[in-house]
Structure formats: structure tokens, C-alpha cells
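S.K.: Next input, structure requested:
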Amino acid sequence: MTHQPEEEPTKEKCIENIHSLFDKYNDNVYMMQRLQYHLLNILPSTLENEDKNHVKRQERANFLSNEQKIFIQVFLSKNRYYYLTNNNCFYHYNGKSFSSVREDDIQHQLLSNISKDRTLMQWKYKTKINIIKQIKERNLFQCVPEPETIQNVIKNLYPVLFKSKNEVKYFLTIIGDNILKKNNDLIFLIKPTIKKILIELDNIIYITSGFTNPTFNFMTKYHETYSFEKCRILNINDTIDIDIWKSILKKVGLDLLCVAVHYSNRCDSDTFITSHVDEEFKNYTMYLKNNNQQVILDKFCSCCIQKIDYQSSTPISINWKNMHYLWKNYISGGSLPNMIYSNQLKTILKERYQYDETTDSFLNVISKYLPNVSNFLLFWEKTIQISDTSEETEVEEIENEFEIDELCSLFKKWISQQQTSEVLSKNGNVNEKDVIKIIKHFYPNVEIEDNKYVLNISCTMWNKVSDVNHYLQLFHTHCKDNLKKGTDISLISFDEIYDFYCEKIKPTSCFVVNKRFFEKYLFFKLNGFIEYEKFITPLWYYSE
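M.R.: Below is the predicted model of the structure:
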């Protein structure tokens, strides 16, 4: 059965009810007297009191309602609380930075303030529920951060990650767009080494807001399915220490997110790049959008390759490996992604230049960027030997290594000594970045550690092991001489031996092994005489 709502009493119904009462007690004198007394004396007085009490209650309710409205308005103005529905979390903004806060803490502050005010004690819990409801309607991403917060976020990203403040703002706008699901079809190309930085950013944004993978459209490699029209290039500094980056995110991660959404709310990333930055920044970012593949190849060929009219039985040429190196060096110099696959690049260049399948070379072309490359390759071929580490054998020799700057110095010396026509130029000035590029491109199996140390190679121009061993023997003799003189010798540190080596070798040679290699050799050569990690025991002094 469904419950039918009662009808509102009407005047006729009330009169009908009174008639019914009179009829009921018509033969009862006492009840007739009581009925008349209640109707004539009690009911009017009761109704008048009810009316007065109702007016008072209404006035009290209106007063409390107004007080509650003022209290809520003041409380929410002084305490900037916000909410995110996707993770059911509350946030507080103090005008400088954002922080997450528990609902229990908000309620505690609310009830404490109401208790101090005393006026709303009757509506204490009603007011609390009302305020929590209003806070839940205040989306965190509707908050406009103060200038101090914005500048603090920018200060933490510039110049450690970006070379200008506009680049920071653009990056933040992209993150904001991704959070708000704007421009989801854009692709942002970055250096592969930036991925670890973005992983940490993804983590902090997920922890603080619950949003997953806000850098989903940041790509470390160009793919042929990407439309140039939708690609943007980001140049982010990849030299920042990851621990420093984690520390920055721990400090301003939530602020960064809120500022990013704030920028996106003002305008999307494409609007920002077309309206708020200089031409150089815009042209770099929109490079792929504004240039098709043909135009990019035109620029490369104009910059790096020169056709020549050379009549000879052995024409001047650039082999494919060198040509590919020129291309990689060209895009690297412009901080551009590799937007053309090598096979495709080769096919296009074969259409532009005469090509010899037998030698895998492009004929009658030269490049002003190749002499030093060719010279370095010749230097490598003549002086460098690569150790074979493919088979597991008992280690009988120390693993040799050279610093990149040591190879640059050796190359310069080698060039100065050459009289052969094989050398294309007597200029031996080559920087470390170029050497790394050359080795990685032409000798991909050679291991380079930290972009500084080339492992498992030796050089005929400098036998580092022989040098260190020679001066180690001199130091050994020096110690024995001191013993004969009665000098008390206890433990000797690696530092003392290295200082001795540097002092003796510098007057006779411009090549001095670094401390890393020197200590590596000591560990290898004097393994049985080492104590406390970096000290030589006196037993070594007495050995032959």
C-alpha cells in the first residue's frame, strides 16, 4: 500500500470537527462546559503564545542564518581551502604555497572557531556541514595563485631546466593543458635524457593530486606516424642532478601543478607560443610545424654539403657513414630531434647527389665540417687499440681508459706531428662534445662512461700503465731509502703516492694520469698491501 499524504486542514474541516465535538458531548454537561471553556479561554491564549514563540523562533533562525552566512564568508576568506573530486582530497593555500590537508583538521579548526564565537553554538554541526559542503564546491584548479607563488615556481625551474622564463611558462602551460585535457593531439619532442626528469614530475603530480601520466605526450623519439603539424620541440636542460630535481619537486611540486593549471586556464600552449614569446623561441618550438621534410633537407644540404665540379679518375666523395654523421651533427647542433630515418635520409640524398653503390659514397661533394672528423678517425685508426672484452678470461692486465679531454690533447699532438698527405688539415682543435659524437657514431661498440671516460682502449702515444708503474717503482725506492736513513714509515695514503707521481712527472711530460686511473692501478697492482681502503701497508716497503 502506498501512503497517501494527508490533506491540509481547511476552515470547513475545523468547523466540522467542532460540530462533531458538540454532538459527541451534547448529553454530558461537564464535558460541554470544558469544551466551551477551552474554545473560549484556553485556545485563543494558546494560539497567541504559539504565534509569539513562532515569531521569536523565526527571528532567531534568521539571525543565526545571517550570522552563519557571515561566519562562513569570513572563514573561507581567511582560510583558503579547496578540494579535488578525483582523489577526494582537501587542500589549503596560505597565499604563498599549496599543501594537502585532512578533513579532520579542517573540522577541528571549524569547531574551535565556532566555539570561540559562541553565537553559532546551537548551529555548530550544521555550520560545519555547510562549510565542508562549500569547500567541496571550490575546485583546487579554480584558485588563482598569488604572484609570489608563481614567481617561486618559475625561480625553481629557471635556469636549472630552462634558459628563459618564457620557456618555463610554456612548459607549465603544456602540463596544465594535459591535466585539463586540452590539445591532447599534440606531440612534444624532448631529448631521451629528459625522461627521468619527467618520471619524477609524473610521480609528484600523482602523489599530490591523483592525476596520472600528465606528460603522456612527451616523446623522446620522433616516429613516422607523427604529423609534423602536431609536433612541438622542447629544449630542456638534462644536466640537472636527479636528486636536486627530486628536492625541488618535493618543495614546490603541488605549487607547480596549480600554477601550470592556472596558466592553462588563461590560454592553451599553442596560443601562448604564438602570442607571448619572441620569434627565436617560437621558430624553434614550431620548427616541425613550420617546415616540411623537403625544406629541412634543403637547409641541411645548404649548410653542410657543397657540390664541386671535379674531374678525376678518383672523384672527391663523402661516404655514407660520414654523411650520416654530418646529418646527426647538424640536428644535434640545432637541438633538433631526428625527424628523418636513416634509410629515408639516404634515399633522399641519393636523389640529390651522384651516388656510388660500390663504395657507398656520394660523389663530387665536400663538407667544411668533415676534415677534423676524418683526421680524428685517422688518428684513432693509427694510435688507438680497442681491448677485446667479449670473452671472459682471467684478468691479467688493468682495464685501460682515457678521459675525453686526454684524447683531445693526444689528437692535437698527433696532428702537429703529421707530415702525411692523409691529413686533411693541420687544425687539431676539436672539442669534447664532437669527440663523443664521433666515437658514438663511428665506434658504437666502444663504451663511454658518464660522457667522460672511454673504457677499454689503449693508445700508442701514451702508455698510461707503464708511466704509473715507473713512478710507483720510484716511490718504492724512495720509501726504501727513507727506511735506510732510519725514517719511521707507517701507513702511506694513496694521496701521498699520487702527489709524488705528479711532482716527478710534470717537469718531463704534459700528460698526467688522473687520480681515478692512478688509484685504479694501485688497487690492481698492490691489492695485497692495501688497508683501510686507501692506505698502503709497510709490508710493501720491504718487498722487492
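
S.K.: CA only for contacts and neighbour counts going forward, please
M.R.: Noted.

S.K.: quick one: residue 216 from residue 187, how far?
M.R.: With distances taken as Cα to Cα, to the nearest Å, residue 216 is found 9 Å from residue 187.

S.K.: Between those two, which is the more surrounded one?
M.R.: The residue with more neighbours, out of residue 216 and residue 187 and counting by other Cα atoms under 10 Å, is residue 187; that gives 20 against 14.

S.K.: where in the stretch 201-350 of the chain is pLDDT low?
M.R.: When the per-residue scores of the stretch 201-350 of the chain are filtered using pLDDT under 70, the ranges that remain are 310-314.

S.K.: Helices along that one, start to end?
M.R.: With DSSP state H, counting those that start in this stretch as the definition, the stretch 201-350 of the chain shows helices at residue ranges 242-266, 269-275, 279-285, 287-290, 293-304, 320-333, 342-352.

S.K.: list the helices and strands the shortest one packs on?
M.R.: Using 3 or more Cα pairs under 8 Å, 6 or more residues apart in numbering; DSSP states H and E as the contact definition, the elements that helix 287-290 packs against are strand 231-233.

S.K.: domains of the chain?
M.R.: If the domains of the chain are taken from automatic domain parsing, they occupy 13-140, 147-289, 308-366, 370-390+397-462, 464-544, with pieces of a single domain joined by a plus sign.

S.K.: tell me the most buried of these?
M.R.: Between the domains of the chain, the one whose residues have the most neighbours on average, counting mean count of other Cα atoms under 10 Å, is domain 147-289 (a mean of 18).

S.K.: Just checking the distance from that one to the centre of its chain.
M.R.: Centroid separation for domain 147-289 versus its chain: 8 Å, with Cα atoms, centre = their mean, to the nearest Å.

S.K.: do the same with stretch 351-360
M.R.: Averaging C-alpha positions (Cα atoms, centre = their mean) puts stretch 351-360 43 Å from its chain's average.

S.K.: One more: stretch 75-91?
M.R.: The gap between where stretch 75-91 is centred and where its chain is centred comes out at 27 Å by Cα atoms, centre = their mean.

S.K.: what does it contact?
M.R.: Counting contacts by Cα atoms under 8 Å, 6 or more residues apart in numbering, the residues outside stretch 75-91 that touch it are 92-94, 98-103, 135-140, 209-211.

S.K.: Try it again at 7 Å.
M.R.: In this structure, residues lying in contact with stretch 75-91 by Cα atoms under 7 Å, 6 or more residues apart in numbering are 92-94, 98-103, 135-136, 138-140, 209-210.

S.K.: what does the average pLDDT come to for it?
M.R.: Summarised as a single mean, pLDDT over stretch 75-91 is 94.

S.K.: gap between the two ends of that stretch?
M.R.: For stretch 75-91, the first and last residues are 15 Å from each other (Cα to Cα).

S.K.: looking only at pLDDT, what's the mean for stretch 504-517?
M.R.: Predicted confidence along stretch 504-517 averages 89 (mean pLDDT).

S.K.: Residues contacting that stretch, please?
M.R.: Outside of stretch 504-517, the residues that reach it under the criterion Cα under 7 Å, 6+ apart are residue 464.

S.K.: Figure out how far that stretch is from the centre of its chain.
M.R.: Stretch 504-517 sits 40 Å away from the centroid of its parent chain (Cα atoms, centre = their mean).
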